[in-house]
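Trainee: when you get a sec, could you give me coordinates for this:
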Amino acid sequence: MTMQAIGKYRWTICALLFFATTINYLDRQVLSLLQPYLAETFHWTNTDYANITAVFQFVYAFSMLFAGRVIDMLGTKRGYALAIVVWSIAAAVHALAIPIGEGIVAILGWTGIVGFSVSVLGFMFSRAILAVGEAGNFPAAIKATAEYFPKKERSLATGIFNSGANVGAILAPLTVPLIRLNWGWEAAFIIMGMIGLVWLIFWILLYEKPAKQKKLSKAEFEYIHSGEEEDLQGPYLQGTDLGGRDLGGRVKWFQLLGYRQTWAFSIGKFMTDGVWWFFLFWLPAYLKVKYGIVDTAVMLPLAVLYTMAMAGSIFGGWFPMYFINKGHKVYDGRMKAMFVIALFPLVVLAAQPLGDISFWIPVLLIGIGASAHQAWSANIFTTVSDMFPKKAVGSIVGIGGMAGGLGGVVLSKLGGALFDHYKGLGHIETGYTIMFTICAVAYLLAWMIMKALVPSYKPISI
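Mentor: Presented below is the predicted three-dimensional model:
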């Protein structure tokens with residue numbers, strides 16, 4: 001049966017996920033683009049900014065754990081809608097960060113434990129609420145992908161919607177500096193925050209579970225569920241977990257933690273998510289410190305970098321199909337692709353040594369690293385639906401997302417401490433050299449650990 005006869009409505013759902021992810025990254029990128037201006041205006045140190053970003057990552061990490069659970073309980077449609085309402089409102093609330101900070105100081109000031117300025121406290125609060133809402137994006141999107149795509153197409157669909165992260169990161173530097181210059185920094189947060197509510201209308205009108213979706217043909221419904229018998233290879237559907245506990249009914253977190261597959265996904269996320277967060281939150285600051293590039297001048301280099309990352313996401317989604325079409329099992333083909341992808345970030349090691357020639361050299365090398373991250377991300381997310389049934393996908397993505405968020409906290413705090421330390425010594429570039437080195441080798445180390453935990457995809461004998 002041809003693709004024309006099967007139908008294409010599942011790609012409409014993929015488009016919705018793409019635009020939601022674009023909005024997700026638009027909202028979280030605003031602060032990093034305004035950081036040079038806000039840091040100067042409110043006299044932030046690198047540690048102050050690291051604390052603000054770390055609050056987002058820390059709350060995001062733990063919210064991911066519960067977000068995945070909430071998505072599984074509420075269902076994809078209601079869960080995703082709730083998430084985008086929360087994060088859209090929270091994004092706009094950043095415009096009130098200063099009066100919020102004043103309120104927090106008024107409440108806590110008498111205790112003598114307030115160690116942050118009004119502006120830092122206000123942005124910490126705003127970022128925390130944003131993190132709660134944004135944590136729902138990937139558990140919901142991965143769950144929707146598992147619902148609407150057969151296994152062989154899931155990494156491609158994931159790569160496409162995940163490329164929205166890069167589109168958001170491209171659009172942000174093209175718009176945020178201009179909004180600030182024309183209407184003020186507060187307007188940037190408000191305008192970006194309201195876009196999500198427009199998406200919500202289309203989500204409510206167009207999304208429904210495949211079994212209830214009237215716009216889905218019978219042929220496409222059957223195609224989506226083709227290959228479901230492959231799930232029988234998985235230990236999860238044998239009725240027990242590694243401890244011999246029954247898996248009927250609702251899945252418990254502690255049962256999921258009994259799987260090496262859960263730990264492989266979580267460790268892979270812990271070791272690599274922080275790299276993307278570091279690039280996202282610190283790259284504008286790096287371009288200012290190293291090259292004096294600020295405001296509208298940052299638009300072109302960041303747009304080029306994230307365009308590269310977008311291409312990496314889509315290519316990474318397709319790449320495992322090369323091995324799968326050669327006869328490899330789905331998981332084995334994906335791991336082969338991820339090994340090749342893990343080699344590319346090593347070029348970031350040359351970003352600092354060659355950076356004195358032109359700012360374009362680190363931008364392009366980091367762009368290759370960011371592109372590799374997005375290719376890696378499309379595949380590591382898809383390993384979840386490779387190895388676990390749909391009813392557990394949201395929970396597993398949540399557990400791994402929490403691990404990835406904690407990895408982001410570690411890298412963000414480490415970066416802020418290193419930059420302030422070496423700035424005091426007059427060698428702030430040394431701090432960036434150390435951070436770029438960590439970013440370069442993280443993927444290869446993560447792949448080795450994942451491969452050691454799950455050498456191949458096969459039934460587990462209890």
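
Trainee: ok, and what's touching stretch 308-326?
Mentor: Residues outside stretch 308-326 that contact it (CB atoms under 8 Å, 6 or more residues apart in numbering): 152, 155-160, 162-163, 165-167, 169-170, 330, 332-334, 336-337, 340-341, 364, 367-368, 370-379, 382. In this view, the C-beta of every residue, glycine as well, is placed from N, C-alpha and C.

Trainee: and the contacts of stretch 336-348?
Mentor: Contacts of stretch 336-348 with the rest of the structure, by CB under 8 Å, 6+ apart, involve 275, 316, 319-320, 322-323, 328, 365-366, 368-369, 371-373, 375-376, 379-380, 436, 439-444, 446-447, 450-451.

Trainee: so where does Leu411 fall, helix or strand?
Mentor: Here Leu411, judged by DSSP states H and E, is contained in helix 390-424.

Trainee: which is the succeeding secondary structure element to that helix?
Mentor: Once the chain leaves helix 390-424, the following helix or strand, as judged by DSSP H and E, is helix 428-453.

Trainee: show me what that next one is packed up against.
Mentor: When contacts are defined as 3 or more CB pairs under 8 Å, 6 or more residues apart in numbering; DSSP states H and E, helix 428-453 packs onto helix 260-291, helix 330-343, helix 360-387, helix 390-424.

Trainee: so which of those helices comes closest to Leu206?
Mentor: Taking CB to CB as the criterion, Leu206 comes closest to helix 390-424 out of these, the separation being 20.1 Å.

Trainee: can you pull the contacts of Val397?
Mentor: The neighbourhood of Val397, defined by CB under 8 Å, 6+ apart, consists of Met64, Gly68, Phe138, Pro139, Ile142, Lys143, Phe381, Val384.

Trainee: show me how to select, in ChimeraX, the buried members of the contacts of stretch 308-326.
Mentor: This is how ChimeraX selects the buried members of those, with burial counted by 16 or more other CB atoms under 10 Å:
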select :152,155,156,157,158,159,160,162,163,165,166,167,169,170,330,332,333,334,336,337,341,364,367,368,370,371,372,373,374,375,376,377,378,379,382
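
Trainee: so where's the stretch 351-462 of the chain uncertain?
Mentor: Applying pLDDT under 70 to the stretch 351-462 of the chain flags the ranges 390, 457-462.

Trainee: and which of the contacts of Val397 is nearest to Pro455?
Mentor: Using CB to CB, Val384 is the member of the contacts of Val397 that sits closest to Pro455, with 17.9 Å.

Trainee: so where's this structure uncertain?
Mentor: Within the chain, the segments meeting pLDDT under 70 span 1-4, 108-115, 227-253, 390, 457-462.

Trainee: at 50 what do you get?
Mentor: Residues of the chain that meet the criterion pLDDT under 50 lie in 1, 229-249, 459-462.

Trainee: can you give me the helices in the stretch 1-150 of the chain?
Mentor: Listed from the start of the chain, the stretch 1-150 of the chain has helices (DSSP state H, counting those that start in this stretch) covering 3-6, 9-42, 46-74, 76-93, 97-108, 118-134, 137-148.

Trainee: picking up where we left off before, now do the helix holding Leu411: distance to the chain's middle.
Mentor: Centroid separation for helix 390-424 versus its chain: 10 Å, with CA atoms, centre = their mean, to the nearest Å.

Trainee: check which residues of it are buried.
Mentor: Of the residues in helix 390-424, 392-416, 418-420, 422-423 count as buried by neighbour count, 16+ other CB under 10 Å.

Trainee: now tabulate the contacts of Val397 in a markdown table and tack on distance to Ala95 and neighbour count.
Mentor: Converted to a markdown table, these look like this (distance: CB to CB, whole Å; neighbours: other CB atoms under 10 Å):
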| residue | distance to Ala95 | neighbour count |
| --- | --- | --- |
| Met64 | 26 | 29 |
| Gly68 | 30 | 31 |
| Phe138 | 26 | 30 |
| Pro139 | 28 | 32 |
| Ile142 | 31 | 30 |
| Lys143 | 32 | 26 |
| Phe381 | 32 | 26 |
| Val384 | 36 | 26 |
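
Trainee: still on that earlier bit, of all the helices of the stretch 1-150 of the chain, which one comes closest to Met194?
Mentor: helix 76-93 (6.6 Å).

Trainee: which residue is the nearest non-sequential neighbour of Phe189?
Mentor: On the basis of CB to CB, 6 or more residues apart in numbering, the spatially nearest residue to Phe189 that is not a chain neighbour turns out to be His94, at 3.9 Å.

Trainee: what sits against the one you found?
Mentor: Taking CB under 8 Å, 6+ apart as the test, what His94 contacts is Val30, Leu31, Phe123, Ser126, Arg127, Leu130, Glu186, Phe189, Gly193.

Trainee: at 10 Å what do you get?
Mentor: Taking CB atoms under 10 Å, 6 or more residues apart in numbering, we find His94 in contact with 27, 30-31, 34, 100, 122-123, 125-127, 129-130, 185-186, 188-190, 192-193.

Trainee: and if you look at Ile204?
Mentor: Lys77, Arg78, Tyr80, Ala81.

Trainee: the residues you listed, buried ones only, as a PyMOL selection?
Mentor: Command for PyMOL, covering only those of those found buried under the criterion 16+ other CB under 10 Å:
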select buried, resi 77+80+81
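
Trainee: distance to Glu429 for the contacts of Ile204 - can I get that in JSON lines?
Mentor: JSON lines is the format used below for these (distance: CB to CB, whole Å):
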{"residue": "Lys77", "distance to Glu429": "49"}
{"residue": "Arg78", "distance to Glu429": "49"}
{"residue": "Tyr80", "distance to Glu429": "42"}
{"residue": "Ala81", "distance to Glu429": "45"}
